[in-house]
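Colleague: Give me the fold of what follows.
(2 chains)
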Amino acid sequence: MSNTTGPDQIFRTALAKNDIVLPRCDDCGAFHFFPRVLCPHCHGTAISWKPASRKGKVHTTTVVRQKPERGGDYNVCMVELEEGVRMMSRVDGIAPGEVVIGMDVTAFVGEADGAPAVFFKPAEA
Amino acid sequence: MTDQLRGKSAIVGTGHAGFGEAHGLTAYDVMAQSALAALGDAGLKLSDVDGLFCTMMEDSMPALMAAEYLGIQPRFIDGTMSGGSSFVNYLTSATMALDAGLCDVALIVYGSNQRTGSGKLVTASRPPAYEAPYNPRYPISAYAMAAARHMHEYGTTREQLADVAVSARAWARHNPEAFERGPLTREDVLGARMVGDPLTVRDCCLVTDGGGAVVMVRADRARDFPKPPVYVLGSAAESSHRQISQMKDFTVTAARASGQRAFAAAGVSPGDIQAVELYDAFTINTILFLEDLGFCAKGEGGAFVEGGRIAPEGVLPVNTNGGGLSCVHPGMYGIFTVIEAARQIRGDAPGIQLNDVDLALAHGNGGVLSSQVTAILGSQNTL
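Modeller: Next up, the predicted model:
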């Protein structure tokens, strides 16, 4: 039964332990995200999991404007990790409008709707 | 579509219904009224329709729901759902089905009551699992991030984005069918409520009710109808992703590929096109598609649209009905790019009618810059 866990479950099980792991293709060596049963670059099916560098740069960003009584404005962005994959996320710890393209950020495991999820904070200089 | 299908089918009827607010009507009511309008335009009846090309924002089997509502039993249906581009995409499948004899009268149809029904985008889509935790506002956050990246890479400005909306309004002001016809300045757009930086509410398409339909037949009988036929000279699609987080380059869309193939099939180039109808869900769309379809170089879209260059009396007529930004946008706009392109060629555009249009382009966008479909339509003179 140990081999029946799918890629989505592997990613989420790791997150629950505060680990961020990324799928990497054994054939072409490229990382991909989101997790899946094949490599979207070369279509190989031998996938290994590697601990993420957690280092990334903001690729693009927006502020979702929302009334204060509904929770206020928040950031939504795309972060490109050193591994070459991008993920949607949010940069915490600064005002949503201060998140800028090219900014160095560091990943951490936070919580969204009661489930662990990857968030970012500005990298320490 | 390859050039084997060039000119093999023609639009012989167009119609629409429920523009703006369709009080008391369901989405399927608006769909059916649109179908009747297009068939009436063609001098045909619902009982003549044997090919149905339809999707809706609600339900998982909307083409079947539509056929049932209309009281028809089509022998060919296509309900491919690629978002707002679906209805441009159906030009290809309808042409193929007509050419192969799988149907004789193809009806492409859509309807929505999203404005009076719910006041917001109706969607059966579920948030993607790897995006949902961050609550992007669908679909504006995706387009806002594309706009931000375009501004970062090419120096495109919020003023240039605003000018897209101002130009669309300038066309709409002449169109009695358009929902928003009041004056709109660059300052109005820039000063409007920010929704998703860098886009204000005036950088966003309307939320209206409305439906549209076109009727197509094989070219060999296209001249037997009341209105001048509009031929499908080329149509091509390319799909690059579904979730915005999977878009490889936020400044380049699959319209580059769909456009190249549509132009090749039609045997024409961007410089030949007299009316350009683009799916402008947001102001950044118009800039991206003008670049990707070859009307200007990548990165030059901002300058291309600046200061009324795509407005009436400008250098290129773009979204001559007012577009999704000012004319109508009932959840999915694609069918209206086809209708306006066809009417410009027929000579019965509802707003500004351009002179002697033989070639027009309709471009559909679906999802979050995900599905791109380009069609080149032409008059009898272009065959």
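Colleague: all strands of the chain, in order?
Modeller: Since no chain was named, I'll use chain A. A:21-25, A:47-51, A:55-64, A:74-81, A:86-89, A:104-112, A:115-122 (DSSP state E).
Colleague: switch to chain B, that's the one I care about
Modeller: Under the criterion DSSP E, strands of chain B are mapped to B:9-20, B:51-54, B:76-78, B:106-112, B:194-196, B:199-200, B:209-218, B:230-239, B:275-278, B:359-366, B:371-378.
Colleague: can you tell which of those is closest to chain A?
Modeller: strand B:194-196 (5.0 Å; Cβ to the nearest Cβ). Just so you know, the C-beta spots here come from the backbone N, C-alpha and C atoms, and that holds for glycine as well.
Colleague: Name all residues that make contact with B:G294.
Modeller: Applying Cβ atoms under 8 Å, 6 or more residues apart in numbering or on different chains to B:G294 gives the contacts B:G259, B:Q260, B:F263, B:S269, B:P270.
Colleague: Equivalent analysis for B:G351, please.
Modeller: Contacts of B:G351 by Cβ under 8 Å, 6+ apart are B:W171, B:A172, B:H174, B:N175, B:P176, B:E177, B:A178, B:T320, B:N321, B:G322.
Colleague: Run a quick neighbour tally on the closest residue in space to B:I287 that isn't next to it in sequence.
Modeller: Using Cβ to Cβ, 6 or more residues apart in numbering or on different chains and skipping the chain neighbours, the partner closest in space to B:I287 is B:G301 (3.5 Å). For B:G301, the neighbour count with other Cβ atoms under 10 Å in any protein chain shown is 26.
Colleague: related to what we said a few turns ago, show me which of the contacts of B:G294 neighbour chain A.
Modeller: When contact is defined as Cβ under 8 Å from any Cβ of the partner chain, those do not meet chain A at all.
Colleague: most neighbours, which of those?
Modeller: Result: B:G259 is most packed of these (other Cβ under 10 Å), 26 neighbours.
Colleague: Who does the most centrally placed residue in chain A form a beta bridge with?
Modeller: By Cα atoms, centre = their mean, chain A has its centre lying nearest to A:M87, at 4.5 Å. With DSSP bridges as the criterion, A:M87 is bridged to A:V79.
Colleague: Run through the residues that contact it.
Modeller: A:F33, A:F34, A:M78, A:V79, A:L81, A:V118, B:Y130, B:S245.
Colleague: neighbour-wise, which of these leads?
Modeller: Tallying neighbours with other Cβ under 10 Å puts A:V79 at the head of those, with 27 neighbours.
Colleague: Quick check: it touching A:T60?
Modeller: No - look at A:V79 against A:T60 with Cβ atoms under 8 Å: they stay out of range, at 9.4 Å.
Colleague: quick revisit: minimum distance to B:H16: which of the strands of chain A has it?
Modeller: strand A:55-64 (33.0 Å; Cβ to Cβ).
Colleague: near chain A, which residues of chain B show up?
Modeller: So chain B meets chain A at B:129-131, B:133-137, B:141, B:144-146, B:148-149, B:152, B:193-198, B:243-246, B:250 (Cβ under 8 Å from any Cβ).
Colleague: shaky segments in chain A?
Modeller: A:1-4 (pLDDT under 70).
Colleague: whoops, I mixed them up, the stretch 51-200 of chain B
Modeller: B:121, B:124.
Colleague: And the helices in it, which stretches?
Modeller: When assigned using DSSP state H, counting those that start in this stretch, the helices of the stretch 51-200 of chain B occupy the ranges B:62-70, B:86-99, B:114-117, B:140-154, B:158-172, B:186-191.
Colleague: Now mean neighbour count and distance to A:R12 too, for those helices, in CSV please.
Modeller: CSV is the format used below for the helices of the stretch 51-200 of chain B (neighbours: other Cβ atoms under 10 Å in any protein chain shown; distance: least, Cβ to Cβ, whole Å):
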stretch, mean neighbour count, distance to A:R12
helix B:62-70, 19, 33
helix B:86-99, 26, 33
helix B:114-117, 20, 34
helix B:140-154, 24, 23
helix B:158-172, 25, 38
helix B:186-191, 16, 42
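Colleague: Of those helices, which is nearest B:R309?
Modeller: Closest of the helices of the stretch 51-200 of chain B to B:R309 is helix B:158-172, at 7.8 Å (criterion: Cβ to Cβ).
Colleague: ok, back up a step: now mean neighbour count and distance to B:R309 too, for the strands of chain B, in TSV please.
Modeller: Output for the strands of chain B, formatted as TSV (neighbours: other Cβ under 10 Å; distance: least, Cβ to Cβ, whole Å):
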stretch	mean neighbour count	distance to B:R309
strand B:9-20	25	27
strand B:51-54	27	35
strand B:76-78	20	37
strand B:106-112	31	31
strand B:194-196	22	26
strand B:199-200	24	21
strand B:209-218	28	28
strand B:230-239	26	26
strand B:275-278	27	12
strand B:359-366	28	17
strand B:371-378	30	21
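Colleague: and of these, who's closest to A:E111?
Modeller: Of all the strands of chain B, strand B:194-196 comes closest under Cβ to Cβ, at 23.8 Å.
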